[in-house]
Structures are given as C-alpha cells and as structure tokens.
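Student: coords please:
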Amino acid sequence: MMTSAEIRQQFLNFFAAKKHLIVPSAPIVVKNDPTLLFTNAGMNQFKDYFLGNSKPASTRIADTQKCLRVSGKHNDLEEVGVDTYHHTMFEMLGNWSFGDYFKAEAIAWSWELLTDIYKLDKDRLYVTVFEGDTKEGIPPSTVALTEWKKLIAPDHIVYGNKKDNFWEMGDTGPCGPCTEIHVDCRSNEERAALPGNTLVNKDHPQVIEIWNNVFIQYNRLKDGSLVPLPSRHVDTGMGFERLVRVIQGKQSNYDTDIFTGSFAAIEKITGRTYDKSDSKEAIAFRVIADHIRAIAFTIADSQLPANTGAGYVIRRILRRAVRYYYSYLDYKQPLLFQLMPLLAKQFETVFPELNAQLDFVSKVVREEEDAFLKTLEKGLKRMDDIIQNSVQKIDGKAAFELFDTFGFPIDLTRLIATEHNLIVDEAGFETEMQQQKNRSRAAATLETEDWITVSDEIGDGFVGYHQHSLTTKITKYRKVTAKGKTQYQLVLASTPFYAESGGQVGDTGWLEFGDTKIEVTDTKKENELVVHFVNQLPQEINGNLKACIHTEKRLFTCYNHTATHLLHAALRKILGGHIAQKGSLVNEEGLRFDFSHFAKLSDDEWQAVEQLVNQKIRENIPVSIVEMPKEEALKLGAMALFGEKYGNTVRVVTTDPNYSVELCGGTHVMYTGMLGLMKITSESAVAAGVRRIEAVTGSHAFNYLSEQSNQLKLIAGQLKTQDPIHAVEKIIQEKQELEKKIESFEAKQLLVVRDTLLKEATQFSMPDQSAANFIGKLVSVTNADQLKKLSFELKPLLGEHYAVVLCANILGKAAVSILLSESMVKIKNLDATKLIKEQVAPFIKGGGGGQPSLATAGGQDASNLEVVISRIKSLLVTQPS
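Tutor: Predicted coordinates:
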C-alpha cells in the first residue's frame, strides 16, 4: 500500500513530467488580499495570474498547498471530527495552466493519473459536466462532455447545474465551468443496490468528490454580466486527504496514515483508545488530530492566536480542541503542544517551516492551552447553570457572558448547546457583541465597483527604489466606498509609490495633472497590484500625469526600515539564533519590531542590543541591495521570514555580510550612518512567546533623548537637587515607611470598628430555634479590601450561625461584602454570590461575585446601601429552610 508521502510525490512527479514547474506552498495566512484571511484554495496564490496583474514564471505549474477553511463561505468547523471527511487545515494538490493547455489535456491527464498511476477502479469513478444555464446565457460544456465520453461510460457522466459545476472566485472576477471527479467507496452490495450516479453531489459520506477541474474563461463584472477572458486558464484542485483515503482503501480520511500517528500519540498521552466510532471520545480524537495541524501551521506562518481577525480564528480552533480533550478524554492539562514534534517530523520535507520553529510553536501553543484551561472549568460550570435554566434556547446575553468572561467562542457554546438539544440565540449574541466597547470593531464593509480600463499601456510597474517622481499614465481606476466615504483607487503604468507591504507603510504624495494637483493618501497592494488611493478624479483622466512621493516621509521611513534590519541582527547576536521576526511596522515616525523570545530583556541585554545597533550606524556601512535567484540568496545565508511569500527572484539587503543579510522588498538608506542614532523606547510582551521593541531613529531619536533630558532637569528642579535619582529613591523609601504606618493605623481602626459592630449585632432564629447573629451596617473604610478584612475579623467571633452585610460609600461609589456561616449556606440554602447578583447589584448599578459563604460587589450608586442591608436582613429572617 502506498504511503501518503508517496502519493503526494507521485502527483508532483506526474505533472513535472508534463512540463509543469513545481512550486512550494504559499503561506496559509494571506497577506495583501483584503478578501481573505487564510488560503482556502490552491488557486489563491495564483490569483494575480488569473486577473492579469502579473505573469507566472511558467505557464504550467503544480503544487501541494496548505489550506484552511473554518469561516465565511467555507465554514466546515462544526463538521470536523464528526464526519469522515471535513477538515480545518487540508492539503490541496493542484495543477494550473495559464493560457496554455485547456479542457482536453486537463481531462486526459487527470484520468491518466487516477487510473494508470494510482490504479483507481474506473468503474467506481463518476464525473460531472456543466449542463449550461439559459438564464445567464452560458452554454453547456460540450468540449468537456466530448472528452469524457472518450474515457468513461455515459452512465458515469452526471450533468451539473450552476451551483455545482460553475466555479466563481467571488462576487466578481474570473470564473468558469468545472468538471468534477467523484469516487464511489461503497461496498459492492451497496453499489449493486443503488447506482453511484444517483448519489453524486448528494452529500453521501462514501460517494465523494476528489478532484475538480475548473476552466476559467469568463470574467464576472459587478453588474453580474459575464465577458470572455482574453486568455483561458485551467485551475484544478484535488483534496489530498480524500485521495489518500481512496487509494489506501479506507472508509474515513482519519483512517489513513496521515492521522494514525497522531492517534497513537494521543492514546499514549491520555491512556484512552481510539475506536473509530461516533462516540464523543472518538470524535475528540479526530478533532485533536485535525485541529493541531491548523494550529501548528498557522502559527509557523506567523499568525499568532489573538482576540480579533485571523488570530481569533486560530484561538477558536485551539479552544475547541482543548474543550474536547478536557471533557471527553478527561485530560486536564495541556495536550496539544505534546503532539508538535510528531507533526513537525511528519511534514518536515513538504512543509519544513514547522520543524524549523518547533520550540517556538510548541511554547506558544502550550501557553494558549494553559490560559484557556484556567477558565474552562469555571466556564463549563457556568454553562451547566445556564443549561439548567434554559428552555429550548440559550439566551444571547448568556452566550456573550461565556464569550466575554470565560473565553468561549460562540461555536463552542453552540456545540455544547447542541449536545443538550438546545439552540443559541445568536442574534442576541451578535447584538451584545456590537454593544461591547472593548472589543475591536470589525472592519467596515468596502464597496468596490468594477475596474474601468483607461489605457492598455504596459509600464514598468513600481520603480520607486530609484525614482521619486516620474511621468506616467492611469491604466485603470475604480470607485470604492467605506463608512460612507467615497474614494478612488488608481493603477499607474509606472509608479514611484511604494505599496504597503513587509511591515513598511505605503507612500503618500500627489499626482499632477497640468495645474491640478491630487493628493495620494495611501498606497496599498491588492495581491500584486499597486493601488493608489485618492479622494477625487481629475477632469481629464486619459493624459499624462506626474507622480510624486513625499520624499521626506520616504527618507524617514527608510531610516527605520534599515534600523529594523540592524535591530534584528543585534537581537540574534545578543540573545541567540532562536530570534525570528514575528511582525513589524515601519513608518516615518519610528519602528515596531516583534520577535520570538520567551523572557523580558534585562537592562544589560537592552543596553547591549542598543549599543550594537548604534555601533553599526557609526561604522557607516554601505547598504548593498542586489537581486538574485532565491536559491542563490539562501545559499549565501540570506534570512527569509516565515509566513512570507517570495518569488523566484528576490531582493537581498546586506549591511555587512557577517552581520545582516535579509530578503526584503522594502526601501532602505545607502549607508547606515544616515540613521544618525537609534534609541529603543520600549520593550514589552505582545503574545505568548513574542516580545515587541519600539524604537526611533535620526531626528526623532534626538528629540526623544532631548525630551527625556528636559524631564530629568524638570524633576531635579522640582526636588531642588543636583542628584534627582537619589532624591526620588529617598522619597520612595519615605513613602513605603508612611504606608506601613498607615496600614498599622488602619488595622487598629478596623479592630475598633469590629468591636463596635459586635456590640450592635442583632439575633434572629434558625429553623431549630437556635440564635443566629446578624450584622448589617454602613461603615467608614478607605477601600473595598478593608470591607473584606473586616468580615474576616468578625468571622471567628460570631458563633455557629451568622450573617454579615457590610456596606461602604467610598468616594461616591458603593462597596458591599456579604459573609455567611456554613449553616446559613446549608440549612437556609443561601448563597452569598446569588444574593450579590439578585439583591445588591441592581440597587448599586454594579456587580460582583465570590463564593457561597463570602461575596463582594462594587457599583456606581451608593445611595441605596441602607436599602440593600434592609432587603437582605428581611430575607434572612423570613427565608425558609
């Protein structure tokens, strides 16, 4: 039986023999494409070729691509682990033709590979052909039908409608009919009873699509119309996991050698056995084995877990896996990170980036697991309470509480609700999300119209490395609207404007149309297209124009980009070779550099890094920038960043071959001495295993130091001393001594208050007629913590049965503490936390919590504290046992 590695390699070898260029997978995390967070199909990295924005290195290409589908149109997350074929991360094998071969060759080669090389049973294969769409005036795929009839029996050809057999990149853009290849994995008895052609595209778990050949020949415009493309392309995608399942003769993707190693490792870690069933335990095995791949490779491609955007998708996946092993494998400590070495070894030859960052990725995953496990148990207990009080539906506010307080993604709440035959009020949840001010707001919807072509002139594209102004033309433009504001995006034949990428901000400047000057507010990349943002269009759009960048802004940005390279190298020299860039921001004001490291920089390390960078600046080293083949650059030791996509020809930026050599498309100074000075302004943690340095250069660094010096002089003047540091140390020491005296005084005062409260205690009867003590009082304290301390001081002096309600008005805000004896909790069935939520919080406009015997609250309204005491006292006296 062929292994999965052999199956993958045979695919690549087959198309290499058909004169295809074999290219590496693009990163799973997408950059420079506003429509995508993750690569969700093999064609994503070739989008520019279909759009005509750039030309491929070869007209024939093949690869295996890491893909992720969990959100948006392709939301498969809830099915993952439950069925036999859905995954979060999956591999897509693909072959492409860019204006080269078309339907006949693509169909013939797909059949040859499946039947002659992989030896699949021809009688189990079915194909679909587009039947046409009269409403849109799209003809049937007669060429595809003719080609298939040469290879397969007519009753194995199924005609598909536009939904199943017409592929579109999005609402607009390249599209075309497709032909799918399906395989019937049922038993011979099942096949004899019901023909496979009746089950194609019917979501049957054993009659599945394995390959889709898309023939891109149209362009969908914004008005919905279709126009033929000047060149026709082939875009195919074959699900690797499904293919391996079929070749290895398995009934589930999870039964293949892609996943069996992970199952064995999970069995060893947890002591449980995977039985391939539909039990929750078996689903947990499949969820973990699937999710760890998505988690590992996205982090390896520089996407860290976060609370927004792509990072939140990864956090959702990780937390779903944690909940499964916690609840169904009874494993209460981090598990996922333990699978990382196995996964890295399995994919080291095809996706080597994980093995290269194994320690970093493992530590990030472990810290994420640790953090969620700390809140998971409490969250599950709260979920149990919510379920017990829910009828048919979990309230949106409750779902939001689970999200906001316990970190439960909505799909995790939905999953648990489904297990208890409940649904979630997701509309209510979304309403709460919109009202939650501390969450990052979703990006505004961007309405884009179709591109309007002005000129077919082919210019030089970006030439801004050496030119800051030039005469050029607009080749196309479109109107865009966001948040009610209308702008225009322009594409120029040639441009000096650098488009935002690699952490460097886009250029600004202006376009001169005769006497008219139009400001360029930003420059961005859309895939490989350089897009200039302007607020207005010129009256005459067809003529020549002069494009000019803000040169001073560009120069200061260059300072900071070169400084980023010097800083990166210094960190590796001082802290070690494990340092890897994890993000950056470079603009005219300063730089921000994120890097992998698991400890705060010591003062000595901070100083050493800063001194080394400034030493390199003073050496005034020439900055060498040359273009060369990527493989040659890597042999020279050039540093490539994980998660970045590089072409066959790369730009190598060198500041001393023994110090810093990096692949970089950004703009830089000619000599390091031009920076003048670099000063680190802050160092902090931004995520698990990731630190951030912020710094300034040139005149900004001088201004920063000047400001620091002025502040020191001001402090010295205020303290009337020539030695402000010694004076401040003395003030701190005196402050600490005073605080100790105040603390001692307050402790004595609390004892006085305690004794007064004991004298004012009243009694009420317990169910057995024994006496219980009650203290309810508005007291004078300086902070809420003193209320709690006072409660603890009273506790051993109140006997077996007692209830204490202490309130305070602290600078106009309410503070409340409730203390109950164990007998109050057990015999009278009271709960201090419940009393806080029901009897206190509504009256003080606040909230709180705690334990059944002791809970506290704080609020904005201190006018009803006497009412709070009275309500709880009456409740205690009348509360039945």
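Student: Listing request: residues of the protein with sub-threshold pLDDT.
Tutor: By pLDDT under 70, the low-scoring segments of the chain are 32, 34-35, 71-76, 436-446, 643, 877-881.
Student: Go again with 50.
Tutor: 72-74, 437-444, 880-881 (pLDDT under 50).
Student: what about the residue nearest the centre of it, which helix or strand?
Tutor: Nearest to the mean C-alpha position of the chain, by Cα atoms, centre = their mean, lies residue 311 at 1.6 Å. Residue 311 belongs to helix 309-328 when assigned by DSSP states H and E.
Student: So which elements touch that helix?
Tutor: Helices and strands touching helix 309-328, by 3 or more Cβ pairs under 8 Å, 6 or more residues apart in numbering; DSSP states H and E, are helix 280-300, helix 358-388, helix 410-419. Where C-beta positions appear, they are placed from N, C-alpha and C, glycine not excepted.
Student: any residues touching the helix or strand containing residue 633, and which ones?
Tutor: Element membership for residue 633, per DSSP H and E: helix 630-635. For helix 630-635, contacts defined as Cβ atoms under 8 Å, 6 or more residues apart in numbering pick out 640, 646-650, 652, 663.
Student: Mark which of those residues are buried, thanks.
Tutor: Buried residues within the contacts of helix 630-635, defined by neighbour count using 16 or more other Cβ atoms under 10 Å: 646, 650, 652, 663.
Student: follow-up on the earlier one: which one of the contacts of helix 630-635 sits closest to residue 135?
Tutor: Nearest to residue 135 out of those is residue 647 (Cβ to Cβ; 41.5 Å).
Student: hang on, that closest one is in a strand, isn't it?
Tutor: No: Residue 647 is assigned coil when assessed by DSSP: H, G, I helix; E, B strand; the rest coil, not a strand.
Student: How about it: what's its closest non-neighbour residue?
Tutor: Distances taken as Cβ to Cβ, 6 or more residues apart in numbering put residue 630 closest to residue 647, at 7.2 Å, once the chain neighbours are dropped.
Student: Give me the neighbour count for the one you found.
Tutor: 16 (other Cβ atoms under 10 Å).
Student: Any buried residues in the helix holding residue 633, and which?
Tutor: 630, 633.
Student: again, but for stretch 61-80
Tutor: In stretch 61-80, counting by 16+ other Cβ under 10 Å, buried: 61-71, 76-77, 80.
Student: repeat for stretch 797-817
Tutor: Neighbour-count burial for stretch 797-817 [16+ other Cβ under 10 Å]: 798, 801-808, 810, 813-817.
Student: mind listing which of those residues are in strands?
Tutor: 802-808, 810, 813-817 (DSSP state E).
Student: between those residues, which is nearest residue 392?
Tutor: The nearest one, if we look at those relative to residue 392 and count by Cβ to Cβ, is residue 816, at 35.3 Å.
Student: How about the closest one, nearest residue that isn't a chain neighbour?
Tutor: Residue 816's closest residue in space is residue 857 (Cβ to Cβ, 6+ apart), at 4.6 Å.
Student: what sits against the one you found?
Tutor: Residue 857 neighbours (Cβ under 8 Å, 6+ apart): 814-816, 836, 840-841, 844, 846-849.
Student: tell me the SS of it?
Tutor: strand.
Student: Check residue 790 too.
Tutor: helix.
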